[in-house]
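Novice: Sequence plus predicted model, see below.
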Amino acid sequence: MRDALFMGRMTAQATHEMQNILATIRESAGLMEDLLAMGGEGFAHAERFKKGLGVLAAQVERGMTLSEQLNYCAHAPEVCPAGSEVNDALRALAVLFTRIAARHRVRLAFAPGRAGLRTSLRAVEVMDLAGLALDCALPLLARDAELCLRVVEQGGLAEARVEGAPYAEMTAQPVFAELSARAGALGVGLRPGPQGAGLVLALPAPRA
Amino acid sequence: MNKQDWKILLVDDEHEFITTLAERLELRGINTRVVFDGESALLAVAEDEPQVMILDVLMPGIKGLEVLERVKRTNPNVQVLLLTGHGSTRDGIEGMRLGAFDYMMKPLNIDTLIEKMESAIDYAGKAAKLGQ
């Protein structure tokens, strides 16, 4: 845990730097846009220049989303007396898992639940368990299929659901044993989704 | 009040970022003064009180929130807009408690920033009238 906290601290510093870099790129691109708007009539390549600035702006947005979620991950090992916010943890996981899903040619969707749903687990534990559940499902999906990570409130408690693959086949995946052991150790319920479709992680209640 | 009459102080240790932002504001007719650390910000406020100070929270030396606290003690009419980063929403909220007008996360949208500066200047004008 000490290692994770240290790496988290280092990563958080790096994400702050990334944010400053992205902010500077955005301002510089904005300045070029301003100057072009003020006197670009005679510029033969104005349209191509504008297109390039549009690409820069889109990439800055992409970088911001990524660094924001990476910053969240950096703080995820920290212990918080109030527990962790389930939507935040799983949103960060979904953003960072998108590339892993893409390697399987699968589209990963995230469906948040009620805002403010919490669990006593640390954010890193919620992310780890849901990540293992996604690992169980990914090899089973057809090309271009959608895998959904959904947060549901059940009897006042938070559940993380992985929808898109049959539960029985997920349990046959080698990584399922690790998921099952981790879930047991953390007091997380593990069961099939409705009609045996998908997998449900029933997260423990936040501390009173 | 015309934008040309606004007095804006920009404070951030990220030189390229803050000088480019100043340039963009100047293209829109807004005059700014730029400083790169908390100590210089306190001096700039004492020398020539701005209406609005755009203040980065994370700076080496005197931190943004301490600058805010000291400025609010000496020059309460200065309206402060804090620039926060990832995971520092708490700093933004703490800043509001200490008297900041508002906070924004980097990277900025320049139109939103100008709207917030305008609101801060309106607020400062009304507050000054009430104080008279």
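Specialist: Done, it's in.
Novice: Next up, the contacts around residue A:157.
Specialist: A:119, A:202, A:203, A:204, A:205 (C-beta atoms under 8 Å, 6 or more residues apart in numbering or on different chains). The way it works is simple: take the backbone N, C-alpha and C, and place the C-beta from them, glycine included.
Novice: Repeat that for residue A:200.
Specialist: Contacts of residue A:200 (C-beta under 8 Å, 6+ apart): A:159, A:160, A:161, A:189, A:190, A:191, A:192, A:193.
Novice: Now compare those and name the two farthest from each other.
Specialist: Greatest spatial distance in those: A:160 and A:192, 13.9 Å, computed using C-beta to C-beta.
Novice: From chain B, how far out is residue A:34?
Specialist: Separation of residue A:34 from chain B (C-beta to the nearest C-beta, to the nearest Å) stands at 5 Å.
Novice: If you tally nearby residues, what's the number for the closest residue in space to residue A:77 that isn't next to it in sequence?
Specialist: Closest residue in space to residue A:77, ignoring its immediate chain neighbours: residue A:4 at 3.9 Å, by C-beta to C-beta, 6 or more residues apart in numbering or on different chains. Counted with other C-beta atoms under 10 Å in any protein chain shown, the neighbours of residue A:4 add up to 14.
Novice: so how far is the helix or strand containing residue A:4 from its chain's centroid?
Specialist: For residue A:4, the host element (DSSP states H and E) is helix A:2-39. Offset of helix A:2-39 from its chain centre (C-alpha atoms, centre = their mean, to the nearest Å): 20 Å.
Novice: From what I see, residue A:116 and residue A:86 are in contact.
Specialist: No: using C-beta atoms under 8 Å, residue A:116 is not in contact with residue A:86, being 9.1 Å away.
Novice: Show me where chain B has its strands.
Specialist: B:8-11, B:32-35, B:52-56, B:79-84, B:102-105 (DSSP state E).
Novice: Could you list the buried residues of the helix or strand of chain B with the lowest mean pLDDT?
Specialist: Least confident helix or strand, chain B: helix B:89-97 with a mean of 87, by mean pLDDT, DSSP states H and E. In terms of neighbour count (16 or more other C-beta atoms under 10 Å in any protein chain shown), helix B:89-97 has its buried residues at B:91, B:92, B:94, B:95.
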